[in-house]
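Student: Got a predicted structure here, sequence first:
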Amino acid sequence: MKAIGYKENLPIDNVNSLQDIELEMPKATGRDILVEIKAISVNPADYKVRANMPVEGDDWKVIGWDATGIVKEVGEDVSLFNVGDEVWYAGDFTRPGSYAEYQIVDERIVGKKPSSLSFAEAAALPLTTLTAYEMLFDRLEVSKEDANKSILVIGAAGGVGSILVQLAKKLTKLNIIGTASREETTSWLKELGVDTVINHRNKLSEEFKKYDLAAPEYVVSLNATEHHVDEIAKLIKPQGKFGFIDDPKSLNVMPFKGKAVSTHIELMFTRSMFQTEDMIEQHNILNNASELIDNGTIRTTLGENFGIINAENLRKAHAFLETGKAKGKIVLEGF
C-alpha cells in the first residue's frame, strides 16, 4: 500500500522530511478494524512528532491522526462496525498513523462518519472534536445547564478552537470570549458564534477592561500558554478552572494559588495510549458529534484542501501549519 513516512527528524523544507513509500497492508485482528482511508487532516501534533520523535531501527515512521474512510476488514472481536461502514477517527499515538492507504484502528476510538459531510469535510473534525469535547466536559466539567458564566478561549480560530467554540455555543449556556489577531480570524469566530472577540496580541486583562468583560469562570489556552499565563492568572475568576493543550517548555502555576484556580491538561491520546476503562467514550463522543453535524447543530471546520495525499502536499501542509496562521483545518483527499 502507498504511505508517507520519515526516517529522520528533518526540517520540512528538506524533501526527505516526508517521503512517499510502499508498505505491507496490515491485517485486522481482535477489536481492530482495517480502514481504507479516503481523507485525512493535519494537526500541530503531526509536525511536532515529525520534527522531534526519532525512529527506532530502520523502520519508517508513519504519522497522522485524523482520518475518514471505509471499513474493509474487522477483527474477530469487533462488534461496533461492519465491512462497508463509513467511519471517522483520530487514531492512537502509539500505532502507525493515517498517512497511508490503509490503517488499523481499535473500534472503541472510531465513530460513524456524519452522512451529511463528504470524506474531506469530515476529516477536518475527529481529533479537534475529541480534544474540545474532552476539555469542556471531562476536564473542566462544564455544566450544560449552568448559565451566567463565561469562558475565555485563547487561540480560538485554530482547529481545536473552531470546534470548541461551537460546542460551547450550542451545548452550554456560557458566554464565549475568543481571541484572534487578524481581521480574517476575527470574522471567522463571529461567524461561529463567539460573543466577544478580543486581540491576544494585547494584554488580555486590558482587552477585558476595554470590552467591560466580567472575570471568566473558565479559561482554555490552545497555544502560547507560557506567554499568557500571568495574564490568565490576573483575570480569571477566583476558584475558576484553567485548561491547556499545548506544550509549554515550563509552566509556573503558582500565580493561580491565591485564587485557588484548578489546572487541567487535555490530551486526546490518553484514553487509547493507556487503554483506559472508559476508552469507548471516544466512540460515543464521535457518534454524538456525527449527530450534531447531521442535524445542523455544528459545522465542519475545514479551512483548505491541499489536494491528494502524498509527500509533496503533506510537506506543504506541515509548512503552512508551522507558520501558525491556519484558519480552521487543512485536509488532503485520496491517493
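Tutor: Received the coordinates, thanks.
Student: these two touch, right, Arg299 and Ile293?
Tutor: Yes: between Arg299 and Ile293 there is a contact at 7.1 Å, judged by CB atoms under 8 Å. For glycine as for every other residue, the C-beta is placed from the backbone atoms N, C-alpha and C.
Student: Looking at those two, which is more packed in?
Tutor: Counted by other CB atoms under 10 Å, Arg299 and Ile293 do not tie: Ile293 has more neighbours, with 22 against 17.
Student: What residues sit buried inside stretch 246-260?
Tutor: Across stretch 246-260, burial judged by 16 or more other CB atoms under 10 Å covers 246, 256, 259.
Student: what is the mean pLDDT for it?
Tutor: For stretch 246-260, the mean per-residue pLDDT is 94.
Student: Straight-line length of it, end to end?
Tutor: 22 Å (CA to CA, to the nearest Å).
Student: what about the nearest residue to Asp92 once chain neighbours are set aside, which SS state?
Tutor: Nearest residue to Asp92, sequence neighbours excluded (CB to CB, 6 or more residues apart in numbering): Ser272, at 4.1 Å. Following DSSP: H, G, I helix; E, B strand; the rest coil, Ser272 is assigned to helix.
Student: Quick one, grab the pLDDT at the spatially most central residue of the chain.
Tutor: By CA atoms, centre = their mean, the chain has its centre lying nearest to Thr128, at 2.4 Å. Per-residue confidence at Thr128 stands at 94 (pLDDT).
Student: State the next helix or strand along the chain beyond the top strand by length along the chain.
Tutor: Criterion DSSP state E: the longest strand present in the chain is strand 32-42. Downstream of strand 32-42, the first helix or strand assigned by DSSP states H and E is helix 44-52.
Student: Now do the longest strand of the chain, average pLDDT.
Tutor: 98.
Student: again with stretch 309-317
Tutor: In this model, stretch 309-317 has a mean pLDDT of 98.
Student: could you check the distance from the nearest residue to Gln166 once chain neighbours are set aside over to Phe244?
Tutor: In space, and not counting its chain neighbours, Gln166 is closest to Ile298: 4.5 Å by CB to CB, 6+ apart. Relative to Phe244, Ile298 is positioned 23 Å away (CB to CB, to the nearest Å).
Student: Would you agree the residue nearest to Asp92 is in contact with Val110?
Tutor: No: assessed by CB under 8 Å, Ser272 is found out of contact with Val110, at 10.5 Å.
Student: what about the two, which has more around it?
Tutor: Val110 (28 against 21).
Student: Checking my notes, His228 in a strand, right?
Tutor: No: counting by three-state DSSP, His228 is not part of a strand but helix.
Student: Run a quick neighbour tally on it.
Tutor: By other CB under 10 Å, neighbour count at His228 equals 22.
Student: do Leu23 as well
Tutor: 16.
Student: Could you check how far it is from Lys61?
Tutor: 11 Å.
Student: For those two, list the residues in contact with both.
Tutor: Applying CB atoms under 8 Å, 6 or more residues apart in numbering, one finds that Leu23 and Lys61 are jointly contacted by Gly5.
Student: Enumerate every residue touching Gly159.
Tutor: 41, 43-44, 124, 127-128, 301, 326, 328-329.
Student: and with 10 Å instead?
Tutor: 41-44, 66, 124-125, 127-129, 131-132, 222, 301-303, 321, 326-330 (CB atoms under 10 Å, 6 or more residues apart in numbering).
Student: next one: Trp188
Tutor: Contact analysis of Trp188 by CB under 10 Å, 6+ apart lists 156-157, 161-162, 165, 178, 180, 182, 194, 197, 301, 303, 327-328.
Student: Repeat that for Leu321.
Tutor: With contact set as CB under 10 Å, 6+ apart, Leu321 has these partners: 12, 42-44, 46-48, 158-159, 329-330.
Student: One more: Glu226?
Tutor: By CB under 10 Å, 6+ apart, the contact list for Glu226 reads 244, 246-252.
Student: With Ser41 as the reference, measure out to it.
Tutor: From Glu226 across to Ser41, the span is 26 Å (CB to CB).
Student: Point out where this protein drops to low pLDDT.
Tutor: For the chain, no stretch has pLDDT under 70.
Student: which residue lies farthest from the center of it?
Tutor: Here, in the chain (CA atoms, centre = their mean), the farthest residue from the centre turns out to be Gly258, at 31.7 Å.
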